[in-house]
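*Asks:* Have a look at this prediction, sequence included:
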Amino acid sequence: MRKREGGPSLGPPEPPRAEPAPQLTSPELAEAAERASLDEPARLGLRAPLVDMGKARKRARVLQRASAAGLMGVHAAPGDVFAGSPGESERRRLGELRAAVRQVVQESVDPDRLASALTHFELTRAEMPTRVWFLPLSGEASPGRTEAARYNEESMAIFEASCLSRGSLQRGRLGRPIEPDTVSGYASALRALLSRDSGMRVLVPEAAETARAFIRGANRARRSGQQRGSRKKRRGLRARHLRAAVAGGRFDRTRSWWARRRWAAALCGHVLLARGGELGRVRGKAFDASAGLTWADVSWHEAGEAHATHAGCTVHMPNVKVDGAGGPRYPVPIRRHGAPGAPSDPLCACDMLRAAWDEDVRLLGRAEALAAPVFRRTARGGAESALDSSDVLQLVREVASAAGETALEEFGAHSLRIGGASDLCDVFVRRVGIEGAAAAAKPVLKSRGRWRGDIAFIYQRVAMAASMDVAARMMGVVGVEVEAVFSHWAQPAA
């Protein structure tokens, strides 16, 4: 064997040592397996990978409930037809693609909406446990297309009647009457599920009348003796309420971190036209940074940057109701009321938000503060302490009470959104007159409120300075809405 001078003998070179593969823990393996099962379409290149795995898990659980309730498999899947004997690889590929198609189709199901409908259906089924609720339109188990469709339509009407008879299942509203249109939405959710699962409708046009006629009749009966288009009264928390709360000194907004943060939440909810759950989270759900507000979603502007004369900020708001968690953010700018160097204004959302940011940086440090929910219950709390919609409801009613309102049941978590939208429109009434206010306000209102529709307006672009000016002027609105004057009147929904 060759020897190296002054050293040990040289044998065959040793093979390079491979780095040991990282060992996944049991929870990691389970999570990887779950993602693979829930995200097969992404593996096959049919769509982008799922972002919101929580929603995918929820959908899977809801579909399991639907299957247990007898809502899946009403129509048997047709068998495959082959011209010859298929091989194992052909069968495997067919199975992969079929499963992926089925999963993508099921992803159009809204798990929250379907879950509410399913709960009512499970209770209806428990009342009549031996009844078969839906029959196939074809095949050996079908009495015929028309007869099966009539049977299924009557099942929907019976389900709707059971829902109306049972009343609400919501916490705090158990057993109270629910609107026929809400029940019609539950029936629509079941129809959509049955159609997607079977690949065909369980109803045919000539038989789809009983359930619709029942809901129309229930609506007429429910509204008889009421004003046309009436709804549950929900008033807005207006700028005048916020001004009165400051002037009267009946709302604590300065004595503690919690008091200062709640006041900032009230001002921001109003000027941002925020839904109750958009300031933090929906009651009963965990905080999700992709759907809630953290300090990373707020950007600051010096005077001369976004606005020629004033400083301001932009809050990048979610629209969870439309886009779901992980959806796009919508920039909603806020201008300072005062010019550079002016003292802080207790009615200025930008000033209060900046004070809250500075306070969090002192308490947590910049890096930790950026990841923290903006509106939370405790100064050093994390995601678990984020405000939820019930906290916003309580905040709204306390501000309304401090402003002298007594009918507090007319104010809800949506009152900040209603009041902000009302004050924004009044700004334009004062600027351009009532005749031109609607056209002038609409693009700004839709931009700030993150509403969709009216395709013509997508071609308009809202000026940053104009939107910031409107935000600053909203606090000067002095008008009183009709609902505040007439206690018996609730403005129609449409």
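*Replies:* Done, it's in. Numbers count the residues shown, from 1 in each chain.

*Asks:* Quick one: distance of stretch 432-446 to the chain centre.
*Replies:* 27 Å (Cα atoms, centre = their mean, to the nearest Å).

*Asks:* quick one: buried residues of it?
*Replies:* 437, 440-446 (16 or more other Cβ atoms under 10 Å). No exception for glycine: its C-beta is placed from N, CA and C like everyone else's.

*Asks:* Reformat these as JSON lines; add distance to residue 48, pLDDT and secondary structure.
*Replies:* JSON lines is the format used below for the buried residues of stretch 432-446 (distance: Cβ to Cβ, whole Å; pLDDT from 0 to 100; DSSP: H, G, I helix; E, B strand; the rest coil):
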{"residue": "437", "distance to residue 48": "42", "pLDDT": "68", "secondary structure": "helix"}
{"residue": "440", "distance to residue 48": "39", "pLDDT": "78", "secondary structure": "helix"}
{"residue": "441", "distance to residue 48": "37", "pLDDT": "79", "secondary structure": "helix"}
{"residue": "442", "distance to residue 48": "33", "pLDDT": "80", "secondary structure": "helix"}
{"residue": "443", "distance to residue 48": "31", "pLDDT": "82", "secondary structure": "helix"}
{"residue": "444", "distance to residue 48": "33", "pLDDT": "83", "secondary structure": "helix"}
{"residue": "445", "distance to residue 48": "32", "pLDDT": "82", "secondary structure": "helix"}
{"residue": "446", "distance to residue 48": "28", "pLDDT": "82", "secondary structure": "helix"}
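
*Asks:* how about the strands in this structure?
*Replies:* Ranges of strands within the chain are 298-301, 312-317, 330-335, based on DSSP state E.

*Asks:* now the ones you listed in JSON lines, with mean neighbour count?
*Replies:* Converted to JSON lines, the strands of the chain look like this (neighbours: other Cβ atoms under 10 Å):
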{"stretch": "strand 298-301", "mean neighbour count": "16"}
{"stretch": "strand 312-317", "mean neighbour count": "21"}
{"stretch": "strand 330-335", "mean neighbour count": "23"}
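
*Asks:* want to try TSV for those, with mean pLDDT and distance to residue 280 as columns?
*Replies:* Below are the strands of the chain laid out as TSV (pLDDT from 0 to 100; distance: least, Cβ to Cβ, whole Å):
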stretch	mean pLDDT	distance to residue 280
strand 298-301	95	14
strand 312-317	94	13
strand 330-335	93	16
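
*Asks:* In the stretch 151-300 of the chain, where is pLDDT below threshold?
*Replies:* For the stretch 151-300 of the chain, the stretches with pLDDT under 70 are 198-209, 211, 222-232.

*Asks:* and with 50 instead?
*Replies:* By pLDDT under 50, the low-scoring segments of the stretch 151-300 of the chain are 225-230.

*Asks:* quick one, helices of it?
*Replies:* With helices called from DSSP state H, counting those that start in this stretch, the stretch 151-300 of the chain shows them at 180-198, 210-223, 239-248, 257-271.

*Asks:* Show me what counts as buried in the third one.
*Replies:* Right, helix 239-248. Neighbour-count burial for helix 239-248, counted by 16+ other Cβ under 10 Å, picks out 239-246.

*Asks:* just to revisit the earlier point, which one of the helices of the stretch 151-300 of the chain lies closest to residue 427?
*Replies:* helix 239-248 (9.7 Å; Cβ to Cβ).

*Asks:* could you check the angle helix 257-271 makes with the closest one?
*Replies:* Here the directions of helix 239-248 and helix 257-271 differ by 150 degrees (axes from the mean of the first three to the mean of the last three Cα atoms, to 10 degrees).

*Asks:* want to throw the strands of the chain into JSON lines with distance to residue 346?
*Replies:* Formatted as JSON lines, these follow (distance: least, Cβ to Cβ, whole Å):
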{"stretch": "strand 298-301", "distance to residue 346": "19"}
{"stretch": "strand 312-317", "distance to residue 346": "17"}
{"stretch": "strand 330-335", "distance to residue 346": "15"}
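
*Asks:* Looking at the ones you listed, which is nearest to residue 360?
*Replies:* strand 298-301 (10.8 Å).
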